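> take this sequence and fold it.
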Amino acid sequence: MPALKIRQLQYESNGWKRTLVFLTDENIHLKNRLSEILQENSGKDLLINAENFQTSFLRQDALIGLLKNDVSQFDKLLVSELVADELFEASVELFCQNIRIKINTVKKQFDQLKLEFNEYLLENI
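Model prediction:
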């Protein structure tokens, strides 16, 4: 695999890492906000929905963790000695496409969760 292509893939990997750090930080922010709301208001309906949101936030944490692991594996592939193999190059590109799809899916899911959470809070506090 040409060095320029490897550097481009490493650049993209670094972008994925920044995205995952951002999602992690935002998820922490949402969990903290949920905690603040529960300290101020603990109605039964709010507690039930808070538990659902908390479960969703934890699920996002798990998905982000899995993606971080995928990106780490991808980085290891890029520095391995196998990059000169043409068959290996095809598998790296497939792995890259797979990570792109997963990250875009998680971003969309997270954005939807964040929107639902914010709308719920506006309507119920």
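> surely Asn41 and Asn49 touch.
No: Asn41 is not in contact with Asn49 according to Cβ atoms under 8 Å; the separation is 11.4 Å. For the C-beta atoms, the positions are set from N, CA and C on the backbone; glycine is no exception.
> the more surrounded of the two?
Asn49 (16 against 12; other Cβ atoms under 10 Å).
> now Lys17. Nearest residue, chain neighbours left out?
Computed as Cβ to Cβ, 6 or more residues apart in numbering, the closest residue to Lys17 that is not its neighbour in sequence is Val71, at 6.0 Å.
> I misspoke; the intended subject was Thr19.
Nearest to Thr19 is Ile103, by Cβ to Cβ, 6+ apart, at 6.2 Å.
> circling back to that earlier point, right, and the residue nearest to Lys17 touches Asn98 too?
No: taking contacts as Cβ under 8 Å, Val71 lies outside contact range of Asn98: 11.2 Å.
> more crowded one of these two?
Val71 (21 against 12).
> for that one, grab phi and psi.
Phi and psi for Val71, reported as degrees, to the nearest 10, are phi -60, psi -40.
> residues contacting it?
13, 16-17, 20, 99 (Cβ atoms under 8 Å, 6 or more residues apart in numbering).
> pLDDT below threshold where in the chain?
Residue ranges of the chain with pLDDT under 70: 81-87.
> quick one, helices of it?
3-40, 44-79, 86-124 (DSSP state H).
> next, the buried residues of the second one.
Neighbour-count burial for helix 44-79, with 16 or more other Cβ atoms under 10 Å as criterion, is recorded at 46, 49-50, 53, 56-57, 60, 63-64, 67, 70-71, 74-75, 77-78.
> fine, thanks again, bye for now.
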